[in-house]
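> Would you be able to build a 3D model of this:
(2 chains)
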Amino acid sequence: MTTADLDHTHTIASRRPCFVATLRRHVPLSIGLGILWLVVMVLVAIFADVLRPYSITAMDLTNRLSAPGNPKHWLGTDELGRDVLARLIQSVRISLVIAFSATIISAVFGTALGFAAAKFRGIVEHVVLVLADFQAALPFLVMSLAVLAFFGSSMVLIVCLMGFYGWERYARVARGLAISASAQGYASAVVQLGASPLRVYFRHILPNVASTLIVSMTLTFPEIILMESGLSFLGLGVQPPETSLGNMVGFGREYLTRAPWIMLAPALVIMLTTLSISLVGDWLRDKLDPTVR
Amino acid sequence: MVAALIKAEGLTRIYEMRRGLFGKVTPVRAVDDLSLKVLPGETLGVVGESGSGKSTLGRMLLGIDPAESGTVTFEDKPMPAFGTAEWRALRVRMQLVYQDPLAALDRRLTIATQIREPLDIHNLLTKDERDARVQALMAAVGLRPDQADRYPHELSGGQRQRAVIARALASRPRLIVCDEPVSALDVSIQAQVVNMLRDLQDEFQIAMVFISHDLKVVRNIADRVVVMYLGRIVEEASSDVIFASPRHPYTQALVSSVPVPGQPLKGRMILQGEPPNPASRPSGCAFHPRCPLATDICRTTVPMLRTVGLQRAAACHLVEGANAPIAA
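I've put the predicted structure just below:
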């Protein structure tokens, strides 16, 4: 098991010969597998066009609902005879693009608002906190449904919408930590050295709160994948014939008893990806903290 | 006479304190109509109980806390407002040393990076000169070169405080304010750090405001001492004089509490009553409820800080002019 894992990482990082040895010493097996899985997912997303055995809309009508293991269709086919593997590969790309972009948007947006609240206090802080409470109190799925129903579903809109998901957590965390750092301690010490606010926030406070924010991100990322799955499941996310992981699960449910592979393959990918993100994120937080070594 | 490096006139800082959710807002005069000046290269000790406004005074001198009234003049120019570009630029000339060095250091940056930071911020010197300056500073404060790449949590308390002091000295300031710099350290380390501060101050000719509640330390390092009680100066004199012959009853009580090695404490004046609460300031002389000598005038009239001898002043009705004996 370990050898298989390392063999693979070796091919990834063959340019750095000592990389494998370093990995073996510093990375526990579960984290290694998590990283490996994420790397595979990212590679799949990048090279989806090359890896796809068939077009996602290509129908093989003689092989409808064929089970996995079919020499022509490794993961089987769906009710229209479309290759599940091909659709899965495309789904990984779409879902990862949505989840990564949305996580980054919400992290940047939330952290920026949180820092702004901590820096300017007063009215700015009140407005940010009211917005954060509003966001937390709002059933997000219902709001997404409304927005998508009004404006129609498009990839950009979905990413932006998902980007608003969970920003209030970053904002609260960033604000709280920035205020406590400014009230006493390193941030006020650096202000006292004459540093500009930009330097204080981006060189000192941000690296110090990064570990907490990373944990938030690892929590938000799976939630966004699941949220997108939910929306697609309800028919308002990614529109057919385009496909995403949630979309596949949604359409596969009708054949759950007769052809479970249509739904189980994307469900497994969702589960493994979110699990890997959580494991790796947690490990990364510890690694980024010089006081925990 | 040498011009003062920093001069404070009539400084007042009022905090607002609220009791309970809908309670009345009570103004607390943390620093009350206080004036002082520090000459270049001089060490001014500021002593007083906790809550006497020492730290607030230090922060006001640096322009970090705004003054409700009064002015701070540094090198004949008024102190710019906190956070402005002029205020930031002035940090090259004046620095603060903190009480808790672990809190004052960024735990994600190495010691060398942090000592270098003032130079980076103010863009002083070239890159190579900065590295050389950092090495020289580390040597000057007694840190080993191999500790440059350490993180704050990997150093001992004394070493951290040395790093904080090195950072404060990096831009070669004219004034440093030390806010209880050694009170978090144990006694043997305290002595080392205080001696080091004194040597560095002699070497670089820095004026220093040394805030402490520890009279032994202040006596060791200060040229001149002001004693604060509830935001006001009650006595001011040179260090030798004030410890040898304190005039104000409060100073007498403080000085009598310091043990002298090899001698039993004698003539100890133990203060009666509660420690001062700045929110409910007694009428007249703020010290009168605890003062063993208080008379009627003390309860009604606030004593002004008056000259009571060569280079010394006290705020007490019972301390007469230069040659009068101490009323005791």
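> what are the phi and psi angles of the residue of the stretch 101-250 of chain A found nearest chain B?
Across the stretch 101-250 of chain A, the shortest distance to chain B (CB to the nearest CB) belongs to residue A:194, at 3.1 Å. To be clear about C-beta, it is placed using only N, CA and C from the backbone, and glycine gets the same treatment. Main-chain torsions, residue A:194, degrees, to the nearest 10: phi 100, psi 10.
> Now do the strands in chain B.
B:6-18, B:25-38, B:43-47, B:69-74, B:77-78, B:94-97, B:175-179, B:207-212, B:224-229, B:232-238, B:306-309, B:312-314 (DSSP state E).
> my guess is the residue of the stretch 101-250 of chain A closest to chain B contacts residue B:120, does it?
No - Residue A:194 is beyond contact range of residue B:120, at 10.5 Å (criterion: CB atoms under 8 Å).
> residues near the closest residue to residue B:232 other than its chain neighbours, how many?
Once flanking residues are discounted, residue B:232 sits nearest to residue B:32: 5.2 Å by CB to CB, 6 or more residues apart in numbering or on different chains. Other residues lying near residue B:32 total 23 when counted by other CB atoms under 10 Å in any protein chain shown.
> So residue B:32 sits against residue B:233, correct?
No - if you go by CB under 8 Å, residue B:32 and residue B:233 don't touch, sitting 9.6 Å apart.
> rewinding a little: who has more neighbours, residue A:194 and residue B:120?
Counted by other CB under 10 Å, residue A:194 and residue B:120 do not tie: residue A:194 has more neighbours, with 22 against 17.
> mind listing what that one touches?
Applying CB atoms under 8 Å, 6 or more residues apart in numbering or on different chains, we find residue A:194 in contact with B:87-92, B:118, B:121-122.
> Measure how buried the residue of the stretch 201-328 of chain B at minimum distance from chain A is and give me the count.
For the stretch 201-328 of chain B and chain A, the shortest gap (CB to the nearest CB) falls at residue B:209, measuring 14.3 Å. Residues lying near residue B:209 (other CB under 10 Å) number 26.
> Residue A:155 too?
For residue A:155, using other CB under 10 Å, the count is 16.
> Look at it and report its pLDDT.
Per-residue pLDDT puts residue A:155 at 83.
> ok, now which ones touch the closest residue to residue B:283 other than its chain neighbours?
Once flanking residues are discounted, residue B:283 sits nearest to residue B:299: 6.2 Å by CB to CB, 6+ apart. Going by CB under 8 Å, 6+ apart, residue B:299 touches B:282-285, B:288.
> what's the answer for residue A:228, then?
Residue A:228 touches A:95, A:98-99, A:158, A:162, A:237-238, A:244-246, counting by CB under 8 Å, 6+ apart.
> Quick check, residue B:116 in contact with residue B:171.
No - counting by CB under 8 Å, residue B:171 is not a contact partner of residue B:116; they are 10.6 Å apart.
> quick one on the thing from earlier: could the strands of chain B go into JSON lines alongside distance to residue A:127 and mean pLDDT?
Output for these, formatted as JSON lines (distance: least, CB to CB, whole Å; pLDDT from 0 to 100):
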{"stretch": "strand B:6-18", "distance to residue A:127": "24", "mean pLDDT": "85"}
{"stretch": "strand B:25-38", "distance to residue A:127": "25", "mean pLDDT": "85"}
{"stretch": "strand B:43-47", "distance to residue A:127": "41", "mean pLDDT": "92"}
{"stretch": "strand B:69-74", "distance to residue A:127": "33", "mean pLDDT": "89"}
{"stretch": "strand B:77-78", "distance to residue A:127": "35", "mean pLDDT": "88"}
{"stretch": "strand B:94-97", "distance to residue A:127": "33", "mean pLDDT": "90"}
{"stretch": "strand B:175-179", "distance to residue A:127": "35", "mean pLDDT": "91"}
{"stretch": "strand B:207-212", "distance to residue A:127": "39", "mean pLDDT": "92"}
{"stretch": "strand B:224-229", "distance to residue A:127": "41", "mean pLDDT": "91"}
{"stretch": "strand B:232-238", "distance to residue A:127": "42", "mean pLDDT": "89"}
{"stretch": "strand B:306-309", "distance to residue A:127": "53", "mean pLDDT": "82"}
{"stretch": "strand B:312-314", "distance to residue A:127": "51", "mean pLDDT": "87"}
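> And the residue nearest to residue A:46 when sequence neighbours are not counted, how far from residue A:99?
With CB to CB, 6+ apart as the criterion, residue A:46 has its nearest non-adjacent residue at 7.9 Å, and that residue is residue A:93. Counting by CB to CB, to the nearest Å, the gap from residue A:93 to residue A:99 is 11 Å.
> Please enumerate the shared neighbours of these two.
By CB under 8 Å, 6+ apart, no residue touches both residue A:93 and residue A:99.
> So which of those two has more stuff around it?
residue A:99 (26 against 22).
> Helix or strand: which one has that one?
In this assignment (DSSP states H and E), residue A:99 forms part of helix A:84-120.
> buried ones in the helix or strand just after that helix?
As assigned by DSSP H and E, the chain's next helix or strand after helix A:84-120 is helix A:122-137. Residues of helix A:122-137 classed as buried: A:125, A:128-129, A:132, A:135 (neighbour count, 16 or more other CB atoms under 10 Å in any protein chain shown).
> for stretch B:153-167, same thing?
Across stretch B:153-167, burial judged by 16+ other CB under 10 Å covers B:154-155, B:157-167.
> hmm, that stretch touching chain A?
Yes - among the residues of stretch B:153-167, B:153, B:164, B:167 lie within reach of chain A under CB under 8 Å from any CB of the partner chain.
> what residues does chain B put near chain A?
Residues of chain B lying close to chain A by CB under 8 Å from any CB are B:62, B:64, B:83, B:87-92, B:95-96, B:98, B:103-109, B:117-118, B:121-122, B:151, B:153, B:164, B:167.
> Close to chain B: what parts of chain A are there?
Within chain A, the positions near chain B by CB under 8 Å from any CB are A:184-186, A:189-197, A:199, A:204, A:207-208, A:289-291.
> which among those end up buried?
Burial by neighbour count, judged by 16+ other CB under 10 Å, picks out A:185-186, A:189-195, A:199, A:204, A:208 from these.
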